[in-house]
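Student: Could you look at this predicted model? Sequence included:
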Amino acid sequence: HTSVVLFTADLRLHDHPPLRAALDRASTVVPLFVRDRAVDAAGFAVPNRLAFLADCLRDLDAGLRERGGRLVVRSGDLVEEVCRVAAEADAGEVHMASDVSAHAHRREDRLRTALEAGGRGLVVHDTVTTVRAPGSVTPGGRDHFAVFTPYFRRWSEQRTRPVLDDPRRVPVPEGIGSEEPPDRRELSGLSPGLARGGEREGRARLAAWLRGGSGDGKGAGDVGDGKGAGVVGDVGEYEDRHDDLAGDATSRLSPHLHFGTLSPVEVVREAGGLGGPGAEAFVRQLAWRDFHRQVLAARPAAAHEDYRTRHDRWRTERAAREEVQAWREGRTGYPVVDAAMRQLRHEGWMHNRGRLLTASFLAKTLYVDWRVGARHFLDLLVDGDLANNQMNWQWVAGTGTDSRPNRVLNPVVQGRRFDPEGAYVRRWVPELAEVPGAGVHEPWKLRGAAREAARGYAERVVDLAEGLERFRRARS
Ligand code: FAD
């Protein structure tokens, strides 16, 4: 008999528990991806992520064809399409990965009910998109951890399941109709330096990143458009260099983890196996990813509402229209903020240190509602992820799980510390490209030729001391 394997945020063939379970129990499987109308309606299907998704689906289809199968692509209401395909294939079971958002929970419930009405079963698998299942690492008597450190302690104590082998053959029944997988060349409005998607690409990047950690030289990545999009750093140096904005020495695996072209279980097992401070610090970041997911799974409303209310009187987008627009466009007059916002627009990706300081600038220095910033990030980020984005925004805004909710990052101090030579600013802000050294972080203090070199650059949209004062007053 036949089973359906519904792919969602797990667009790979290696280490794939739903596919493995289906192949073990059925003689043929239908590998299915449904372009869910509800995701489009929610405004979540933006060009950068659609392009990456298109690469992933094409690669998944190619991988399946190498194994004697193919990918079936449909679009519409996910529940209706899955039921339709299950009926066409006369499948007894549908296998899929668990997910954490409110939308995913509702969708899963609806799907189970609809399938059961037709005499079919839904099997939902954990540890496909996370290392630990949300809800499996809990403090006594409560449904989730609200503080990372104790969570991480417990997370580290648990066993990680073994990595599953790639399937050799995936027999797919004849006669199930499919749309052509989408093609990124049909899309417009993409960031020019956008990364490529797909399982092969993800695995090549992971291998290069980990090779660095095992000490046989530098990562072997391409250099993209020369601005950093293709740089592959080195896990061995992660602990020392992850905050270096210009060094760009993080893994850039985030879109692959978001779309599931990499298995977080495999990433953690392989990196963990290397040992050393770099690999350990990197594994800890993967635990942060699980941490935010277990918060959102337990409190789905935290995607849109304050996880902890601070009674903020956020300025709305309308009240701060010009400042918000300057922030979005990277012309706030604070060079490191502007550099990071322009990296976001150019690559559909931003360095974590940049995300922290630009988010703090919006939510605290400008005191604008964090949801305005989170939305802009989701409009552009190729790794834009409801759990990671919203929970990190809340962390920075001080409405989430940060134990120091009133800390404000000063963009000048951040720039001098994490871009000490000013190279990151000069890379992304051409108006300042000729300004030498760390003075580039305070163009308003430049004199003489350096001032002349910075002439085309924006005036500051806010005075830092005034911003800080407004925030302190509001939070007191
Ligand atoms: P690395 O430093 O190499 O880390 C490895 C992996 O660990 C990442 O790929 C990611 O999956 C995970 N990770 C790292 N840092 C975090 C973190 N703080 N929280 C959760 N997981 C983490 N990450 C997203 O994947 N999607 C988002 O939409 C997103 N939005 C963010 C918004 C804000 C305001 C902030 C402060 C952070 C956000 N992050 C988000 C987390 C983090 O910035 C990115 O995961 C990271 O920069 C991706 O680059 P990398 O793959 O090179 O990371």
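Tutor: Perfect, thanks for sending it. Source: prediction; values computed, not measured.
Student: ok so V30 is a strand residue?
Tutor: Yes. Assignment of V30 by DSSP: H, G, I helix; E, B strand; the rest coil places it within a strand.
Student: Who are the contact partners of it?
Tutor: Contacts for V30 (Cβ atoms under 8 Å, 6 or more residues apart in numbering) come out as T2, S3, V4, V5, V72, V85, A89, A91, V172, P173, I176. C-beta coordinates here come from the backbone N, C-alpha and C atoms, glycine included.
Student: tell me which residues in the longest helix along the chain are buried?
Tutor: As assigned by DSSP state H, the longest helix anywhere in the chain is helix 277-298. By 16 or more other Cβ atoms under 10 Å, the buried positions in helix 277-298 come out as 278-280, 282-298.
Student: And for stretch 139-155?
Tutor: Neighbour-count burial for stretch 139-155 [16+ other Cβ under 10 Å]: H144, F145, A146, F148, Y151, F152, W155.
Student: Give me the residues contacting the strand or helix carrying F152.
Tutor: Assigned by DSSP states H and E, F152 falls within helix 148-157. Under the criterion Cβ under 8 Å, 6+ apart, residues V131, R132, V137, P139, F145, R284, A287, W288, D290, F291, Q294, T401 lie in contact with helix 148-157.
Student: try 7 Å
Tutor: If you take Cβ atoms under 7 Å, 6 or more residues apart in numbering as the criterion, helix 148-157 is touched by R132, V137, P139, F145, R284, A287, W288, D290, F291, T401.
Student: For the ligand, state which of those residues is nearest.
Tutor: W288 (4.0 Å; Cβ to the nearest ligand atom).
Student: Tell me who's in contact with the closest one.
Tutor: Counted by Cβ under 7 Å, 6+ apart, W288 has contacts F148.
Student: Can you check the pLDDT for it?
Tutor: Looking at W288, its pLDDT is 98.
Student: Near the ligand, which residues of the chain? Just list them.
Tutor: With Cβ under 6 Å from any ligand atom as the criterion, the chain comes near the ligand at residues 242, 250-254, 257-258, 285-286, 288-289, 292, 352, 355-356, 359, 377, 381, 383-385, 388-389, 392-393, 396.
Student: How about the contacts made by A387?
Tutor: V100, H292, R293, L296.
Student: Remind me which helix or strand it belongs to.
Tutor: Element membership of A387 [criterion: DSSP H and E] is helix 386-397.
Student: again with A133
Tutor: With DSSP H and E as the test, A133 turns up in no helix or strand.
Student: Double-check it against V100; I have them as touching.
Tutor: No. If you go by Cβ atoms under 7 Å, A133 and V100 don't touch, sitting 10.1 Å apart.
Student: More neighbours: which of these two?
Tutor: Using other Cβ atoms under 10 Å, the more surrounded residue of A133 and V100 is V100, with 23 against 18.
Student: ok, now which ones touch the more buried one?
Tutor: Shown in contact with V100 (Cβ under 7 Å, 6+ apart): P134, R293, L296, A297, A387.
Student: Quote the end-to-end distance of stretch 349-365.
Tutor: The first and last residues of stretch 349-365 sit 23 Å apart, counting by Cα to Cα, to the nearest Å.
Student: What mean pLDDT does that stretch get?
Tutor: 98.
Student: for stretch 456-467, same thing?
Tutor: pLDDT averaged over stretch 456-467 gives 98.
Student: now swap in stretch 78-87 and tell me
Tutor: Throughout stretch 78-87, pLDDT has a mean value of 98.
Student: need the contact list for the one residue in the stretch 101-250 of the chain that gets nearest to the ligand.
Tutor: Here the stretch 101-250 of the chain gets closest to the ligand at one residue, T250, 3.1 Å apart by Cβ to the nearest ligand atom. Neighbouring residues of T250 by Cβ under 7 Å, 6+ apart: G233, H242, H351, N352.
Student: pLDDT value on it, please?
Tutor: 96.
Student: With G230 instead?
Tutor: In this prediction, G230 has a pLDDT value of 56.
Student: The one 3 residues further on too?
Tutor: Predicted confidence (pLDDT) at G233: the value is 76.
Student: So what's the residue count around it?
Tutor: 24.
Student: Quick check: it touching L253?
Tutor: No. Using Cβ under 7 Å, G233 is not in contact with L253, being 10.5 Å away.
Student: hey, what's in contact with both of these two?
Tutor: By Cβ under 7 Å, 6+ apart, G233 and L253 have these common neighbours: W209.
Student: Check which helix or strand the residue nearest to the spatial centre of the chain maps to.
Tutor: The chain has D383 as the residue nearest its centroid, 3.3 Å off, counting by Cα atoms, centre = their mean. Using DSSP H and E, D383 maps to neither a helix nor a strand.
Student: Quick check: it touching R252?
Tutor: No. Shown here, D383 and R252 do not form a contact pair, counting by Cβ under 7 Å, at 9.0 Å.
Student: Overlap of the contact sets of these two?
Tutor: In contact with both D383 and R252: W349, using Cβ under 7 Å, 6+ apart.
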